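Visitor: Starting from these lines, generate the structure:
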Amino acid sequence: MKKTVLITGASSGFGLMLANNLHQQGFNVIGTSRTPEKYKGKLPFKLLALDVSDDSSIKYFTEKLFQHTKQLDVLVNNAGYMVTGIAEETPVELGRQQFETNFWGTVKVTNALLPYFRRQKQGQIITVSSIVGLIGPPNLSYYTASKHAVQGYFKALRFELDQFNIKVNMVEPVWFKTNLGHNAVSATNNKISDYDAYRKKVDAATQKGMDDAEEPDAVVKAIGKLIEHKKPKFSNPVGKMTGMILFLQNYAPKIFEGSILKSVQSAK
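Guide: Purely as a prediction, here's the structure:
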């Protein structure tokens with residue numbers, strides 16, 4: 001019998017591709033969206049309402065979920081968005097909102113479902129993080145911070161859940177062609193003139209990263225392998241350059257930092 005997989009943020013991007021892929025393989029897929037009514041009759045899998053930044057929505061969703069399935073094998077935490085911009089120019093409130101979704105939303109959904117996993121004495125929690133959860137590029141300070149927080153949280157949680165046979169895994173993609181970048185949020189009315197020249201270059205570098213991004217199939221395949229693997233690794237960077245990026249950061253930091261600076265300076 002194929003597993004039941006819950007995917008948050010399954011109406012677009014990685015989530016939608018993964019949900020369709022797993023459904024085609026015969027998995028029982030349940031997705032979530034803040035506006036599932038927009039997709040009624042358009043998707044082959046169940047899509048339930050969930051706003052991960054809203055406590056009442058999480059409570060209602062959790063109650064509704066088990067009316068649709070008696071068993072849950074895998075939770076894929078995928079819902080999230082990206083705040084871009086110079087750190088000093090970004091209002092703290094915007095950064096707070098980033099954390100409400102990317103960090104606290106992920107944590108709250110996970111906590112809401114842990115009692116079911118513990119009762120079953122088995123389960124798997126896969127969280128879609130980002131390569132920026134392992135490094136710190138410019139122009140993405142709050143997004144990077146939210147992903148670092150997610151990495152740290154699950155890094156500790158995995159030890160606590162081991163006794164219940166609950167696997168915990170992270171997926172850390174580089175830039176891929178999804179709507180994440182196109183839907184990014186940035187402050188527009190708090191510009192500091194000292195950053196004008198730098199902002200222009202770093203915005204161009206960020207845009208180039210999105211324009212040159214890989215197709216997202218690799219992320220879908222990586223998550224699929226984690227679901228099938230008996231003993232999957234905790235950290236799973238995905239993308240052609242991830243090995244080199246992490247090697248340079250850990251073992252040749254001056255070269256790594258120089259490459260970041262150069263990518264900004266050379267951007268047009």
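Visitor: so Leu43 makes contact with Gly31?
Guide: Yes: counting by CB atoms under 8 Å, Leu43 touches Gly31, with 7.3 Å between them. Using the backbone N, CA and C atoms, a C-beta is placed for each residue, glycine as well.
Visitor: Between the two, tell me which one has more neighbours.
Guide: Shown here are Leu43 and Gly31; by other CB atoms under 10 Å, Gly31 has more neighbours (28 against 18).
Visitor: and the more buried one, what does it touch?
Guide: 6-8, 10-11, 15-16, 19, 43, 45-48 (CB atoms under 8 Å, 6 or more residues apart in numbering).
Visitor: Could you save those as CSV and add columns showing pLDDT and distance to Asp55?
Guide: Below are those laid out as CSV (pLDDT from 0 to 100; distance: CB to CB, whole Å):
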residue, pLDDT, distance to Asp55
Leu6, 98, 18
Ile7, 98, 21
Thr8, 97, 15
Ala10, 95, 21
Ser11, 92, 21
Gly15, 93, 21
Leu16, 94, 25
Ala19, 97, 25
Leu43, 95, 26
Phe45, 95, 26
Lys46, 94, 23
Leu47, 95, 21
Leu48, 96, 16
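Visitor: Which of the residues you listed has the largest number of neighbours?
Guide: Within those, Ala10 tops the neighbour count with 31 neighbours, counted by other CB under 10 Å.
Visitor: In a helix, it, correct?
Guide: No: Ala10 is assigned coil when assessed by DSSP: H, G, I helix; E, B strand; the rest coil, not a helix.
Visitor: That one against Asn20, yeah?
Guide: No: if you go by CB under 8 Å, Ala10 and Asn20 don't touch, sitting 9.0 Å apart.
Visitor: who touches both of the two?
Guide: Residues touching both Ala10 and Asn20 (CB under 8 Å, 6+ apart) are Phe45.
Visitor: element containing the residue lying closest to Asn139 once chain neighbours are set aside, please.
Guide: The shortest distance from Asn139 to any non-neighbouring residue, by CB to CB, 6 or more residues apart in numbering, is to Val202 (4.5 Å). Element membership of Val202, judged by DSSP states H and E, is helix 196-211.
Visitor: Spit out the residues that contact Leu43 and Gly31 alike.
Guide: 11, 16, 19.
Visitor: Surely the second one touches Ala10?
Guide: Right, Leu16. Yes: using CB under 8 Å, Leu16 is in contact with Ala10, at 5.8 Å.
Visitor: For the helix or strand that comes right after the helix holding Val202, which helices and strands make contact with it?
Guide: Sequence order places helix 217-228 as the next helix or strand after helix 196-211, per DSSP H and E. Helix 217-228 sits against helix 13-24, strand 123-128, strand 166-173, strand 235-238, with contacts defined as 3 or more CB pairs under 8 Å, 6 or more residues apart in numbering; DSSP states H and E.
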